[in-house]
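In: what's the 3D shape of this:
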Amino acid sequence: MPHRSYAPELTRAHLSNRFLGSLIRYFTERFGEDRVGVIVEEAGLSLEYLYDTTRWTSVEFDRRLCDAVAHQIGGLLESPPYNHPLWQHWRRASSAMFERQEVMGPLWLLLWAFEQPSNFFANIGNLYTRGNRVTRMEVVEHAPGRTLVRARFEGPLRVDRPGTCWSRRGLFEAIPTIWRLPRASVVHPPHKCIHRAPRADHCVYEIRYRDARETDTSEELSRLRRHIRTAVPALLEAMDRQYDEHREVQITQRKTAHYLPATLVEAIRINPEAELRLGGEHNVGAVLFADIKDFTARCQTTPADEVMTQLNLYFERVESIIAAHGGIVDKRMGDGVMVVFIDPERRTPLAELAAAGVRCGLAMLDVMPALGDLLAKRGAAPLRLRVGVAAGRLVQGNLGSPKHMEYTVIGEAVNLASRLEAAATADRLLSTPDCLEDVEPELYERGDDRVVDVKGVGVVHAVELTPAVTAARTPKPSDSSIMRLRDV
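Out: Numbering: from 1, shown residues only. Sure thing, here's the model as predicted:
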(Lines give C-alpha, C1' and ligand atoms only; values in the text may rest on other atoms or scores of the structure.)
Protein backbone atom coordinates (compact mmCIF):
# COMPACT_ATOMS: atom_id res chain seq x y z
CA MET A 1 0.00 0.00 0.00
CA PRO A 2 1.51 3.39 -0.97
CA HIS A 3 2.45 5.78 1.80
CA ARG A 4 -0.28 8.35 2.37
CA SER A 5 0.69 11.91 3.05
CA TYR A 6 -1.42 14.37 5.02
CA ALA A 7 -1.76 18.13 5.11
CA PRO A 8 1.04 19.37 7.42
CA GLU A 9 -1.29 21.80 9.19
CA LEU A 10 -3.17 18.75 10.54
CA THR A 11 -0.15 16.76 11.77
CA ARG A 12 1.78 19.34 13.74
CA ALA A 13 2.90 18.06 17.12
CA HIS A 14 0.24 19.66 19.32
CA LEU A 15 -1.87 16.77 20.69
CA SER A 16 -0.67 13.21 21.24
CA ASN A 17 -2.50 10.36 19.52
CA ARG A 18 -2.15 8.41 22.75
CA PHE A 19 -5.02 10.50 24.11
CA LEU A 20 -6.85 11.27 20.90
CA GLY A 21 -6.86 7.56 20.05
CA SER A 22 -9.01 6.91 23.12
CA LEU A 23 -11.58 9.37 21.81
CA ILE A 24 -11.60 7.64 18.42
CA ARG A 25 -11.94 4.20 19.98
CA TYR A 26 -14.83 5.44 22.09
CA PHE A 27 -16.67 6.76 19.03
CA THR A 28 -15.88 3.57 17.10
CA GLU A 29 -17.39 1.34 19.79
CA ARG A 30 -20.44 3.56 20.03
CA PHE A 31 -21.12 4.42 16.38
CA GLY A 32 -19.15 1.85 14.35
CA GLU A 33 -15.83 2.00 12.57
CA ASP A 34 -17.27 2.83 9.15
CA ARG A 35 -19.08 5.89 10.43
CA VAL A 36 -16.11 7.10 12.45
CA GLY A 37 -13.88 6.53 9.42
CA VAL A 38 -16.07 8.94 7.46
CA ILE A 39 -15.82 11.49 10.30
CA VAL A 40 -12.04 11.28 10.46
CA GLU A 41 -11.69 11.52 6.67
CA GLU A 42 -13.94 14.58 6.67
CA ALA A 43 -11.59 16.12 9.24
CA GLY A 44 -8.60 15.37 6.99
CA LEU A 45 -6.79 12.33 8.46
CA SER A 46 -7.37 8.58 8.63
CA LEU A 47 -8.10 5.96 11.29
CA GLU A 48 -4.76 4.35 10.49
CA TYR A 49 -2.96 7.58 11.37
CA LEU A 50 -4.90 8.18 14.58
CA TYR A 51 -4.41 4.63 15.85
CA ASP A 52 -0.63 5.14 15.68
CA THR A 53 0.10 6.24 19.26
CA THR A 54 3.56 7.56 18.31
CA ARG A 55 2.10 10.33 16.12
CA TRP A 56 0.58 13.72 16.89
CA THR A 57 -2.18 15.92 15.54
CA SER A 58 -2.68 19.66 15.48
CA VAL A 59 -5.14 22.05 17.06
CA GLU A 60 -6.52 22.62 13.57
CA PHE A 61 -7.35 18.93 13.23
CA ASP A 62 -9.02 19.00 16.65
CA ARG A 63 -11.27 21.80 15.42
CA ARG A 64 -12.11 19.95 12.23
CA LEU A 65 -12.79 16.72 14.11
CA CYS A 66 -15.23 18.47 16.44
CA ASP A 67 -17.03 20.00 13.44
CA ALA A 68 -17.12 16.64 11.64
CA VAL A 69 -18.63 14.88 14.68
CA ALA A 70 -21.23 17.64 14.99
CA HIS A 71 -22.09 17.18 11.33
CA GLN A 72 -22.04 13.38 11.05
CA ILE A 73 -23.45 12.42 14.46
CA GLY A 74 -25.31 15.49 15.64
CA GLY A 75 -26.71 16.46 12.24
CA LEU A 76 -25.51 20.02 12.88
CA LEU A 77 -24.04 22.45 10.38
CA GLU A 78 -21.65 23.90 12.95
CA SER A 79 -20.26 23.07 16.39
CA PRO A 80 -22.90 23.52 19.13
CA PRO A 81 -22.54 25.67 22.28
CA TYR A 82 -20.67 24.56 25.39
CA ASN A 83 -23.55 22.83 27.23
CA HIS A 84 -24.84 20.85 24.26
CA PRO A 85 -25.15 17.08 25.03
CA LEU A 86 -22.83 16.26 22.11
CA TRP A 87 -19.78 17.32 24.11
CA GLN A 88 -20.42 14.68 26.77
CA HIS A 89 -18.91 12.17 24.37
CA TRP A 90 -15.54 13.88 24.86
CA ARG A 91 -15.99 13.78 28.63
CA ARG A 92 -16.87 10.09 28.65
CA ALA A 93 -14.11 9.19 26.20
CA SER A 94 -11.42 10.74 28.43
CA SER A 95 -12.76 8.88 31.42
CA ALA A 96 -12.81 5.59 29.49
CA MET A 97 -9.13 6.01 28.62
CA PHE A 98 -8.09 4.77 32.07
CA GLU A 99 -10.11 1.64 31.55
CA ARG A 100 -7.87 0.82 28.58
CA GLN A 101 -4.49 0.28 30.13
CA GLU A 102 -3.21 -1.41 26.99
CA VAL A 103 -3.79 1.84 25.08
CA MET A 104 -1.98 4.01 27.63
CA GLY A 105 0.91 1.55 27.77
CA PRO A 106 3.89 2.70 29.89
CA LEU A 107 2.21 6.04 30.54
CA TRP A 108 -0.19 4.24 32.89
CA LEU A 109 2.84 2.97 34.86
CA LEU A 110 4.11 6.51 35.19
CA LEU A 111 0.81 7.75 36.55
CA TRP A 112 0.40 4.77 38.87
CA ALA A 113 3.84 5.47 40.35
CA PHE A 114 2.53 8.73 41.87
CA GLU A 115 0.71 6.53 44.41
CA GLN A 116 -2.33 8.79 44.86
CA PRO A 117 -4.24 11.66 43.20
CA SER A 118 -2.72 14.52 45.23
CA ASN A 119 0.79 13.65 44.00
CA PHE A 120 -0.42 13.49 40.43
CA PHE A 121 -2.23 16.84 40.53
CA ALA A 122 0.75 18.51 42.20
CA ASN A 123 2.82 17.55 39.13
CA ILE A 124 0.16 18.08 36.50
CA GLY A 125 2.12 20.90 34.85
CA ASN A 126 4.88 18.51 33.76
CA LEU A 127 2.65 15.52 33.10
CA TYR A 128 0.14 17.26 30.89
CA THR A 129 2.77 18.37 28.38
CA ARG A 130 3.50 14.73 27.58
CA GLY A 131 0.31 14.67 25.58
CA ASN A 132 -0.42 18.33 24.87
CA ARG A 133 2.20 20.83 23.67
CA VAL A 134 -0.05 23.83 23.24
CA THR A 135 -1.70 24.00 26.66
CA ARG A 136 0.23 24.93 29.80
CA MET A 137 -1.34 23.55 32.96
CA GLU A 138 -0.57 25.59 36.08
CA VAL A 139 -1.28 24.66 39.71
CA VAL A 140 -2.90 27.70 41.34
CA GLU A 141 -3.72 26.12 44.72
CA HIS A 142 -2.95 22.69 46.10
CA ALA A 143 -4.02 21.05 49.35
CA PRO A 144 -4.90 17.50 50.42
CA GLY A 145 -8.00 16.49 48.51
CA ARG A 146 -8.26 19.71 46.49
CA THR A 147 -6.33 21.24 43.58
CA LEU A 148 -7.08 24.36 41.57
CA VAL A 149 -5.50 24.29 38.10
CA ARG A 150 -5.40 26.82 35.28
CA ALA A 151 -5.10 25.94 31.60
CA ARG A 152 -3.37 28.51 29.40
CA PHE A 153 -2.82 28.26 25.67
CA GLU A 154 0.63 28.89 24.23
CA GLY A 155 1.27 31.61 21.66
CA PRO A 156 -1.48 32.50 19.19
CA LEU A 157 -3.06 29.05 19.40
CA ARG A 158 -6.46 28.90 21.05
CA VAL A 159 -8.66 25.82 21.29
CA ASP A 160 -12.00 27.19 20.08
CA ARG A 161 -14.15 24.05 20.36
CA PRO A 162 -15.67 22.98 23.71
CA GLY A 163 -14.76 19.33 23.15
CA THR A 164 -11.24 19.83 24.49
CA CYS A 165 -12.52 21.53 27.62
CA TRP A 166 -14.94 18.70 28.32
CA SER A 167 -12.17 16.22 27.61
CA ARG A 168 -10.05 17.80 30.36
CA ARG A 169 -12.94 17.57 32.79
CA GLY A 170 -13.37 13.87 32.04
CA LEU A 171 -9.64 13.32 32.46
CA PHE A 172 -9.52 15.04 35.86
CA GLU A 173 -12.58 13.12 37.05
CA ALA A 174 -11.08 9.75 36.08
CA ILE A 175 -7.54 10.20 37.44
CA PRO A 176 -8.30 8.70 40.91
CA THR A 177 -9.54 5.48 39.29
CA ILE A 178 -5.90 4.61 38.52
CA TRP A 179 -5.60 3.75 42.22
CA ARG A 180 -9.14 2.31 42.43
CA LEU A 181 -10.45 5.38 44.23
CA PRO A 182 -13.79 7.16 43.67
CA ARG A 183 -13.95 9.56 40.76
CA ALA A 184 -13.04 13.21 41.41
CA SER A 185 -15.55 16.06 41.21
CA VAL A 186 -14.65 18.96 38.92
CA VAL A 187 -16.10 22.47 39.05
CA HIS A 188 -15.46 24.72 36.05
CA PRO A 189 -17.00 28.19 36.64
CA PRO A 190 -18.55 29.79 33.52
CA HIS A 191 -16.70 33.08 34.04
CA LYS A 192 -13.38 31.19 34.02
CA CYS A 193 -13.91 29.31 30.76
CA ILE A 194 -12.77 30.61 27.37
CA HIS A 195 -15.78 28.99 25.72
CA ARG A 196 -18.35 30.77 27.87
CA ALA A 197 -16.72 34.04 28.92
CA PRO A 198 -15.74 36.24 25.94
CA ARG A 199 -12.91 37.95 27.82
CA ALA A 200 -11.45 34.86 29.47
CA ASP A 201 -7.98 33.91 28.24
CA HIS A 202 -7.71 30.70 30.26
CA CYS A 203 -9.79 27.95 31.91
CA VAL A 204 -9.80 27.21 35.66
CA TYR A 205 -10.81 23.86 37.19
CA GLU A 206 -11.40 23.08 40.86
CA ILE A 207 -10.75 19.36 41.43
CA ARG A 208 -11.79 17.57 44.62
CA TYR A 209 -10.79 13.97 45.30
CA ARG A 210 -10.01 11.43 48.02
CA ASP A 211 -6.46 10.19 48.52
CA ALA A 212 -5.67 6.59 49.40
CA ARG A 213 -5.27 5.87 53.12
CA GLU A 214 -4.04 2.33 52.96
CA THR A 215 -2.84 0.22 50.07
CA ASP A 216 -2.82 -3.54 49.80
CA THR A 217 0.73 -3.84 48.50
CA SER A 218 0.49 -7.45 47.36
CA GLU A 219 -2.68 -6.77 45.37
CA GLU A 220 -1.25 -3.62 43.79
CA LEU A 221 1.98 -5.39 42.83
CA SER A 222 0.03 -8.21 41.22
CA ARG A 223 -1.96 -5.66 39.27
CA LEU A 224 1.24 -3.90 38.26
CA ARG A 225 2.82 -7.14 37.03
CA ARG A 226 -0.22 -7.88 34.90
CA HIS A 227 -0.06 -4.45 33.37
CA ILE A 228 3.69 -4.68 32.67
CA ARG A 229 3.14 -7.93 30.78
CA THR A 230 0.70 -6.03 28.58
CA ALA A 231 2.44 -2.67 28.32
CA VAL A 232 6.11 -3.53 27.80
CA PRO A 233 5.70 -5.52 24.54
CA ALA A 234 3.66 -2.65 23.14
CA LEU A 235 6.36 -0.23 24.29
CA LEU A 236 9.10 -2.20 22.54
CA GLU A 237 7.05 -2.35 19.37
CA ALA A 238 6.50 1.42 19.49
CA MET A 239 10.23 2.01 20.05
CA ASP A 240 11.11 -0.12 17.02
CA ARG A 241 8.60 1.76 14.92
CA GLN A 242 9.91 5.11 16.11
CA TYR A 243 13.47 4.06 15.30
CA ASP A 244 12.47 3.12 11.75
CA GLU A 245 10.65 6.42 11.30
CA HIS A 246 13.57 8.39 12.76
CA ARG A 247 16.02 6.62 10.46
CA GLU A 248 13.83 7.33 7.44
CA VAL A 249 13.58 10.99 8.37
CA GLN A 250 17.35 11.22 8.84
CA ILE A 251 17.94 9.77 5.40
CA THR A 252 15.43 11.99 3.65
CA GLN A 253 16.63 15.09 5.51
CA ARG A 254 20.34 14.51 4.94
CA LYS A 255 20.37 16.77 1.89
CA THR A 256 17.16 18.72 2.41
CA ALA A 257 18.41 20.12 5.71
CA HIS A 258 21.16 22.04 3.88
CA TYR A 259 18.70 23.71 1.53
CA LEU A 260 16.19 24.93 4.12
CA PRO A 261 16.30 27.39 7.04
CA ALA A 262 16.99 25.73 10.39
CA THR A 263 13.53 26.63 11.71
CA LEU A 264 11.85 24.88 8.80
CA VAL A 265 14.08 21.81 9.11
CA GLU A 266 13.12 21.51 12.79
CA ALA A 267 9.45 21.81 11.86
CA ILE A 268 9.89 18.98 9.35
CA ARG A 269 11.54 16.76 11.97
CA ILE A 270 8.44 17.16 14.15
CA ASN A 271 6.04 17.00 11.23
CA PRO A 272 7.50 14.84 8.39
CA GLU A 273 4.47 15.40 6.15
CA ALA A 274 5.59 19.00 5.67
CA GLU A 275 8.64 17.92 3.69
CA LEU A 276 6.51 15.93 1.27
CA ARG A 277 4.30 18.93 0.61
CA LEU A 278 6.99 21.53 0.07
CA GLY A 279 6.69 23.14 -3.35
CA GLY A 280 9.29 24.82 -5.51
CA GLU A 281 10.85 28.06 -4.30
CA HIS A 282 12.94 30.60 -6.15
CA ASN A 283 16.44 31.31 -4.91
CA VAL A 284 19.88 32.19 -6.26
CA GLY A 285 23.09 30.23 -6.00
CA ALA A 286 26.10 28.70 -7.70
CA VAL A 287 26.37 25.20 -9.13
CA LEU A 288 29.54 23.16 -9.64
CA PHE A 289 29.84 20.05 -11.78
CA ALA A 290 32.99 17.93 -11.63
CA ASP A 291 33.79 14.83 -13.63
CA ILE A 292 36.82 12.57 -14.11
CA LYS A 293 37.98 12.45 -17.73
CA ASP A 294 37.87 9.04 -19.41
CA PHE A 295 36.73 7.27 -16.26
CA THR A 296 34.47 4.94 -18.24
CA ALA A 297 37.50 3.65 -20.16
CA ARG A 298 39.34 3.16 -16.86
CA CYS A 299 36.45 1.02 -15.58
CA GLN A 300 36.76 -1.27 -18.60
CA THR A 301 40.46 -2.01 -18.02
CA THR A 302 40.63 -1.99 -14.20
CA PRO A 303 39.27 -4.58 -11.75
CA ALA A 304 35.99 -3.48 -10.20
CA ASP A 305 37.24 -3.44 -6.60
CA GLU A 306 40.22 -1.29 -7.63
CA VAL A 307 37.92 1.13 -9.46
CA MET A 308 35.83 1.53 -6.31
CA THR A 309 38.94 2.05 -4.19
CA GLN A 310 40.23 4.78 -6.49
CA LEU A 311 36.85 6.47 -6.59
CA ASN A 312 36.55 6.36 -2.80
CA LEU A 313 40.01 7.91 -2.44
CA TYR A 314 38.91 10.69 -4.78
CA PHE A 315 35.59 11.40 -3.03
CA GLU A 316 37.24 11.23 0.39
CA ARG A 317 39.38 14.21 -0.57
CA VAL A 318 37.02 16.33 -2.62
CA GLU A 319 34.00 15.98 -0.32
CA SER A 320 35.93 17.42 2.62
CA ILE A 321 36.85 20.34 0.37
CA ILE A 322 33.22 20.78 -0.68
CA ALA A 323 32.11 20.85 2.96
CA ALA A 324 34.84 23.34 3.88
CA HIS A 325 33.60 25.73 1.18
CA GLY A 326 29.95 25.42 2.20
CA GLY A 327 28.83 23.32 -0.74
CA ILE A 328 25.96 20.84 -0.80
CA VAL A 329 26.58 17.55 -2.56
CA ASP A 330 23.32 17.39 -4.49
CA LYS A 331 24.05 14.35 -6.64
CA ARG A 332 26.73 11.77 -7.32
CA MET A 333 26.63 10.42 -10.85
CA GLY A 334 29.22 7.66 -10.87
CA ASP A 335 32.48 9.57 -10.91
CA GLY A 336 30.67 12.86 -11.39
CA VAL A 337 29.34 15.17 -8.70
CA MET A 338 26.93 18.11 -8.64
CA VAL A 339 27.51 20.64 -5.86
CA VAL A 340 25.23 23.56 -4.96
CA PHE A 341 26.18 26.75 -3.11
CA ILE A 342 23.03 28.33 -1.75
CA ASP A 343 21.91 30.34 1.29
CA PRO A 344 18.68 28.99 2.84
CA GLU A 345 18.12 32.34 4.58
CA ARG A 346 18.63 34.25 1.28
CA ARG A 347 21.03 36.74 2.85
CA THR A 348 24.25 35.98 0.95
CA PRO A 349 24.83 37.91 -2.33
CA LEU A 350 25.05 35.84 -5.49
CA ALA A 351 28.61 37.05 -6.13
CA GLU A 352 29.75 35.51 -2.82
CA LEU A 353 28.07 32.20 -3.61
CA ALA A 354 29.64 32.17 -7.07
CA ALA A 355 33.06 32.89 -5.57
CA ALA A 356 32.62 30.01 -3.11
CA GLY A 357 31.90 27.69 -6.04
CA VAL A 358 35.01 28.80 -7.95
CA ARG A 359 37.25 28.56 -4.87
CA CYS A 360 35.88 25.08 -4.19
CA GLY A 361 36.58 23.96 -7.77
CA LEU A 362 40.13 25.31 -7.65
CA ALA A 363 40.77 23.55 -4.34
CA MET A 364 39.46 20.28 -5.80
CA LEU A 365 41.86 20.59 -8.73
CA ASP A 366 44.67 21.48 -6.34
CA VAL A 367 44.53 18.11 -4.53
CA MET A 368 44.56 16.04 -7.70
CA PRO A 369 48.39 15.90 -8.07
CA ALA A 370 48.80 14.52 -4.55
CA LEU A 371 46.03 12.01 -5.25
CA GLY A 372 47.87 11.09 -8.44
CA ASP A 373 51.00 10.36 -6.42
CA LEU A 374 49.00 8.06 -4.16
CA LEU A 375 47.46 6.25 -7.13
CA ALA A 376 50.88 5.85 -8.72
CA LYS A 377 51.96 3.80 -5.70
CA ARG A 378 49.07 1.48 -6.51
CA GLY A 379 50.23 1.20 -10.08
CA ALA A 380 47.35 3.36 -11.37
CA ALA A 381 47.35 6.37 -13.63
CA PRO A 382 46.37 9.74 -12.11
CA LEU A 383 42.83 11.05 -12.29
CA ARG A 384 42.20 14.12 -14.44
CA LEU A 385 39.37 16.33 -13.33
CA ARG A 386 37.15 18.72 -15.28
CA VAL A 387 35.16 21.35 -13.40
CA GLY A 388 32.40 23.73 -14.50
CA VAL A 389 30.91 26.51 -12.35
CA ALA A 390 27.95 28.78 -13.07
CA ALA A 391 25.70 31.00 -10.98
CA GLY A 392 22.26 32.54 -11.23
CA ARG A 393 18.61 31.97 -10.44
CA LEU A 394 17.52 28.55 -9.24
CA VAL A 395 14.32 26.77 -8.32
CA GLN A 396 14.62 24.48 -5.29
CA GLY A 397 12.08 21.87 -4.28
CA ASN A 398 10.90 18.28 -4.50
CA LEU A 399 11.27 16.59 -7.86
CA GLY A 400 9.84 13.21 -8.79
CA SER A 401 6.65 11.36 -7.95
CA PRO A 402 4.75 10.70 -4.69
CA LYS A 403 6.54 7.33 -4.48
CA HIS A 404 10.02 8.77 -4.83
CA MET A 405 10.85 12.42 -4.24
CA GLU A 406 14.23 14.08 -4.27
CA TYR A 407 14.95 17.56 -3.01
CA THR A 408 17.13 19.31 -5.57
CA VAL A 409 17.61 22.46 -7.63
CA ILE A 410 16.88 23.09 -11.28
CA GLY A 411 17.32 26.09 -13.56
CA GLU A 412 19.55 27.75 -16.10
CA ALA A 413 22.57 27.83 -13.77
CA VAL A 414 22.41 24.03 -13.36
CA ASN A 415 22.27 23.46 -17.10
CA LEU A 416 25.08 25.95 -17.76
CA ALA A 417 27.41 24.49 -15.12
CA SER A 418 26.91 21.02 -16.59
CA ARG A 419 27.72 22.25 -20.12
CA LEU A 420 30.78 24.14 -18.91
CA GLU A 421 32.13 21.04 -17.19
CA ALA A 422 31.66 18.97 -20.35
CA ALA A 423 33.50 21.62 -22.39
CA ALA A 424 36.34 22.14 -19.91
CA THR A 425 39.86 20.93 -20.61
CA ALA A 426 41.13 18.22 -18.26
CA ASP A 427 42.77 19.65 -15.11
CA ARG A 428 40.95 22.96 -15.66
CA LEU A 429 37.95 24.85 -14.30
CA LEU A 430 35.68 26.54 -16.82
CA SER A 431 33.43 29.33 -15.58
CA THR A 432 31.79 32.55 -16.67
CA PRO A 433 33.67 35.81 -15.94
CA ASP A 434 30.96 37.13 -13.60
CA CYS A 435 31.68 34.25 -11.19
CA LEU A 436 35.22 35.61 -10.65
CA GLU A 437 34.22 39.03 -9.32
CA ASP A 438 34.84 38.14 -5.65
CA VAL A 439 37.57 35.53 -6.18
CA GLU A 440 41.07 36.53 -5.11
CA PRO A 441 43.27 36.74 -8.27
CA GLU A 442 46.20 35.08 -6.48
CA LEU A 443 44.20 31.85 -6.22
CA TYR A 444 44.25 31.05 -9.93
CA GLU A 445 46.09 31.29 -13.22
CA ARG A 446 43.86 32.53 -16.00
CA GLY A 447 43.89 30.45 -19.13
CA ASP A 448 42.19 30.71 -22.49
CA ASP A 449 38.97 32.59 -23.05
CA ARG A 450 36.39 30.20 -24.43
CA VAL A 451 33.09 30.42 -26.29
CA VAL A 452 30.64 27.65 -25.40
CA ASP A 453 27.39 27.04 -27.27
CA VAL A 454 24.87 26.03 -24.60
CA LYS A 455 21.61 24.48 -25.75
CA GLY A 456 18.66 26.60 -24.71
CA VAL A 457 20.93 29.50 -23.72
CA GLY A 458 23.07 30.28 -26.74
CA VAL A 459 26.67 31.37 -26.95
CA VAL A 460 28.32 31.83 -23.55
CA HIS A 461 31.72 33.45 -22.97
CA ALA A 462 33.80 31.57 -20.43
CA VAL A 463 37.33 31.43 -19.08
CA GLU A 464 39.49 28.49 -18.03
CA LEU A 465 41.34 28.56 -14.72
CA THR A 466 43.96 26.46 -12.96
CA PRO A 467 44.90 26.69 -9.28
CA ALA A 468 47.87 29.03 -8.88
CA VAL A 469 49.95 26.54 -6.89
CA THR A 470 49.17 23.68 -9.23
CA ALA A 471 49.96 25.82 -12.27
CA ALA A 472 53.39 26.60 -10.86
CA ARG A 473 54.27 22.94 -10.49
CA THR A 474 52.68 21.64 -13.69
CA PRO A 475 55.33 19.55 -15.52
CA LYS A 476 56.65 20.71 -18.85
CA PRO A 477 55.44 18.87 -21.95
CA SER A 478 58.72 16.96 -22.19
CA ASP A 479 58.22 15.49 -18.73
CA SER A 480 57.59 11.74 -18.84
CA SER A 481 54.62 12.13 -16.54
CA ILE A 482 52.81 14.17 -19.18
CA MET A 483 53.43 11.35 -21.61
CA ARG A 484 51.77 8.98 -19.19
CA LEU A 485 48.82 11.34 -18.84
CA ARG A 486 48.38 11.44 -22.58
CA ASP A 487 48.26 7.68 -22.68
CA VAL A 488 45.36 7.49 -20.22
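
In: C-alpha from now on. contacts and neighbour counts both.
Out: Fine.

In: in the stretch 1-150 of the chain, which ranges drop under the pLDDT threshold?
Out: The model of the stretch 1-150 of the chain has pLDDT under 70 over residues 1-3, 99-110.

In: 90 - rerun?
Out: Low-confidence segments of the stretch 1-150 of the chain, defined by pLDDT under 90, span residues 1-9, 11-26, 48-59, 77-79, 93-117, 119-137, 144.

In: Please enumerate the helices of the stretch 51-200 of the chain.
Out: Using DSSP state H, counting those that start in this stretch, the helices of the stretch 51-200 of the chain run over residues 59-72, 88-96, 101-104, 106-112, 117-122, 124-128, 162-174.

In: now the longest one: how far from the chain's centre is it?
Out: If you compare the mean C-alpha spot of helix 59-72 with that of the full chain, they lie 26 Å apart, counting by Cα atoms, centre = their mean, to the nearest Å.

In: mind listing the strands for the stretch 351-488 of the chain?
Out: Secondary structure of the stretch 351-488 of the chain (DSSP state E, counting those that start in this stretch): strands at 385-401, 404-410, 428-431, 444-454, 458-467.

In: in the last one, what's buried?
Out: The neighbour-count criterion (16 or more other Cα atoms under 10 Å) identifies A462, V463, E464, L465, T466, P467 as the buried residues of strand 458-467.

In: Please tell me how far the fifth one sits from S95.
Out: In this structure, T466 and S95 are separated by 74 Å, where distance is defined by Cα to Cα, to the nearest Å.

In: what's the answer for the fourth one, then?
Out: Using Cα to Cα, one gets 74 Å for the distance from L465 to S95.

In: Isn't A426 up against K293?
Out: Yes - between A426 and K293 there is a contact under Cα atoms under 8 Å: 6.6 Å.

In: Name the residues contacting each of these two.
Out: Shared contacts of A426 and K293 (Cα atoms under 8 Å, 6 or more residues apart in numbering): R384, L385, R386.

In: Could you check how many residues crowd around the closest residue to L429 other than its chain neighbours?
Out: Leaving aside its sequence neighbours, L429 sits nearest to V387 (Cα to Cα, 6 or more residues apart in numbering; 4.6 Å). Neighbour count for V387, taken as other Cα atoms under 10 Å: 33.

In: what sits against V387?
Out: L288, F289, A290, D291, G361, L420, E421, A424, D427, R428, L429, L430.

In: Select from those residues the one having the most neighbours.
Out: Ranked by the number of neighbours (other Cα under 10 Å), the contacts of V387 place L288 first, at 34 neighbours.

In: is it true that it touches V339?
Out: Yes - applying Cα under 8 Å as the test, L288 and V339 come out as touching, 5.0 Å apart.

In: Mind putting the helices of the stretch 51-200 of the chain into JSON lines with distance to L365?
Out: Formatted as JSON lines, the helices of the stretch 51-200 of the chain follow (distance: least, Cα to Cα, whole Å):
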{"stretch": "helix 59-72", "distance to L365": "53"}
{"stretch": "helix 88-96", "distance to L365": "66"}
{"stretch": "helix 101-104", "distance to L365": "59"}
{"stretch": "helix 106-112", "distance to L365": "57"}
{"stretch": "helix 117-122", "distance to L365": "65"}
{"stretch": "helix 124-128", "distance to L365": "56"}
{"stretch": "helix 162-174", "distance to L365": "63"}
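
In: quick one: which of those is nearest R150?
Out: Taking Cα to Cα, helix 124-128 is the member of the helices of the stretch 51-200 of the chain nearest to R150, at 9.6 Å.

In: show me the contacts for the residue nearest to D52 when sequence neighbours are not counted.
Out: Nearest in space to D52, with sequence neighbours left out and distances taken as Cα to Cα, 6+ apart, is N17 at 6.7 Å. Applying Cα under 8 Å, 6+ apart to N17 gives the contacts L50, Y51, D52, T53, T54, R55, W56, T57, G131.

In: Quickly name whichever of those is closest to P80.
Out: Nearest to P80 among the contacts of N17, with distances taken as Cα to Cα, is T57, at 22.4 Å.

In: Count residues in the vicinity of the closest one, would you?
Out: Residues lying near T57 (other Cα under 10 Å) number 23.

In: can you pull up the bridge partners for it?
Out: Listed beta-bridge partners, T57: L15 (assigned using DSSP bridges).

In: Phi and psi next, for the residue nearest to D52.
Out: Backbone torsions of N17, given as degrees, to the nearest 10, read phi -70, psi -20.

In: likewise the one 3 residues further on?
Out: Dihedral angles phi and psi of L20 (degrees, to the nearest 10) take the values phi -70, psi -30.

In: How about the contacts made by the closest residue to it other than its chain neighbours?
Out: Take L20 and drop its neighbours on the chain: the residue closest to it by Cα to Cα, 6+ apart is L50, 7.3 Å away. By Cα under 8 Å, 6+ apart, the contact set of L50 is N17, L20, G21, I24.
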